[in-house]
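> Next come a sequence and a model predicted from it.
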Amino acid sequence: MNEKVDYLIIGQGLAGSILAHTLLEKEKKVLVLDQPSLQHCSKVAAGICNPITGRNLVRTWKSKELFSFLNHFYPKLEQKFNQKFFFNIPVYRPFQNLEQQQDWSAHEDKVNEEVIYPKHRFLGQSVNDDFGGLLIKNGGYLRTDIFLETIKNYLIDKNAYQEELFDFDKLNTENNKISYKDIEARHIIFCRGAADKVNPFFEKLPLAPAKGEILHIELENSNQELVEKLNQIILNKGCWLVPFQNKENYLKDKVGKTSTTLFRTGSNYDHKDLTLKPTEKAKQQIETKLKSVLSLDYQIKKQEVGIRPATRTRKPLIGTHNTLKQIHIFNGFGAKGSSMIPYFAHQFVEYLLNHGELEREVRIDKWFLK
């Protein structure tokens with residue numbers, strides 16, 4: 001007997017997980033197919049949410065809408081699942097040089113409710129912030145590994161998860177119907193991250209996967225005051241530094257109550273080498289950046305690799321196939337998935353269920369005309 005679902009979702013990274021949860025909240029029957037043995041960028045992502053980015057210190061695209069949504073979305077799910085995975089802590093962005101400091105100082109209109117502007121060294125002598133910097137209040141990070149495990153367990157409880165490597169040869173789209181092996185679906189949505197670069201239905205889309213590597217490090221605890229301060233912020237100057245508590249501390253409700261010396265730092269971008277092998281080159285690049293901002297000894301515990309589903313337009317790719325109206329894609333969030341996906345999952349579900357409008361910048365229809 002065939003299993004019938006409303007939405008068959010391929011991939012349980014951040015995009016597939018949040019989209020599946022959003023559809024289930026709308027009481028739709030969902031089935032997520034995923035092969036956990038495959039490398040998912042989401043599992044190793046730092047999950048940083050930062051509303052002010054780039055060398056020019058400007059608001060990230062749609063930051064007001066994105067951050068208003070995510071700062072409600074993640075805490076709501078934490079309460080629902082009685083789990084901690086989102087940390088609303090500020091991002092500290094030291095100025096790179098005097099020119100950048102003066103440029104910011106000359107524009108008082110930039111100082112708003114999101115930014116504290118400390119006009120002094122914020123972290124002391126062990127951090128290279130000679131010109132001060134910005135303390136961005138509306139930032140944070142998502143522990144993507146814990147979040148994905150939480151959502152997977154939720155999907156299993158809902159009979160909405162199946163461990164399987166998707167095979168395009170087994171997909172049938174005849175007569176405007178979707179069938180995959182013994183599954184019948186009204187719609188199929190691809191959320192396979194960088195793997196959708198070779199999706200035969202969406203081969204024209206401008207996916208441009210990028211390899212990123214991060215280091216897990218343990219800081220020397222000789223400067224306990226600094227380590228405690230670093231636990232309360234995300235340091236971002238050339239590279240980022242994010243606290244990384246052991247999972248046991250989450251289970252014992254110790255996170256936020258005790259400081260950790262464990263951190264993650266990164267990252268680099270490589271569009272040419274898309275292998276999953278860690279490289280000495282990336283390690284050296286990250287260490288060079290880290291040492292230029294932080295004068296504190298550390299030990300490297302692990303090096304990880306992820307292939308980000310970046311795009312040439314630096315915007316997500318969302319929408320429906322031009323002729324096969326039951327086939328959709330929800331992808332291309334790159335390094336900003338933790339910030340973007342909750343908002344756009346809500347928008348995409350409104351598009352699917354209520355004929356809502358997608359943002360012009362993310363719609364994929366224009367790529368079928370090329």
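Sure thing, it's come through.
> can we go C-alpha only for contacts and neighbour counts from here?
Will do.
> Which stretches in the stretch 51-200 of the chain count as strands?
For the stretch 51-200 of the chain, the strands defined by DSSP state E, counting those that start in this stretch occupy 52-53, 58-59, 86-87, 91-94, 115-116, 133-136, 140-142, 161-163, 171-172, 178-180, 183-190.
> worst average pLDDT in those strands?
Note on the strands of the stretch 51-200 of the chain: lowest mean pLDDT is at strand 115-116, with a mean of 66.
> related to what we said a few turns ago, out of the strands of the stretch 51-200 of the chain, the one nearest Phe344 is which?
strand 183-190 (14.1 Å; CA to CA).
> Which elements pack onto that closest one?
If you count contacts as 3 or more CA pairs under 8 Å, 6 or more residues apart in numbering; DSSP states H and E, strand 183-190 packs onto strand 3-10, strand 178-180, strand 327-331.
> Buried deepest among these, which one?
When the helices and strands packed on strand 183-190 are scored by mean count of other CA atoms under 10 Å, the highest mean neighbour count falls to strand 327-331 (a mean of 24).
> what distance separates that strand from the centre of its chain?
Centre-to-centre, strand 327-331 and its host chain are 17 Å apart (CA atoms, centre = their mean, to the nearest Å).
> Next secondary structure element downstream of the helix or strand of the chain with the lowest mean pLDDT?
Every helix and strand of the chain was ranked by mean pLDDT, DSSP states H and E. The lowest is helix 247-251, at a mean of 58. Tracing the chain past helix 247-251, the next element assigned as helix or strand by DSSP states H and E is strand 262-266.
> Counting by contacts, list what whichever helix or strand comes after that following strand packs against.
Per DSSP H and E, strand 262-266 leads on to helix 280-293 as the next helix or strand towards the C-terminus. Other helices and strands packing on helix 280-293, by 3+ CA pairs under 8 Å, 6+ apart, are strand 210-219, strand 239-243, strand 262-266.
> buried stuff in helix 280-293?
Under the neighbour-count criterion of 16 or more other CA atoms under 10 Å, helix 280-293 has Ala282, Lys283, Ile286, Glu287, Lys289, Leu290, Val293 buried.
> any idea of the angle it forms with strand 262-266?
Interaxial angle of helix 280-293 relative to strand 262-266 (axes from the mean of the first three to the mean of the last three CA atoms, to 10 degrees): 110 degrees.
> mind checking how far the following helix or strand past helix 280-293 is from the chain centre?
Later in the chain than helix 280-293, the nearest helix or strand by DSSP H and E is strand 298-308. Offset of strand 298-308 from its chain centre (CA atoms, centre = their mean): 16 Å.
> same question for strand 298-308, mean pLDDT?
The pLDDT scores in strand 298-308 average 94.
> tilt between it and strand 210-219?
Here strand 298-308 points in a direction 160 degrees away from that of strand 210-219 (the same axes, to 10 degrees).
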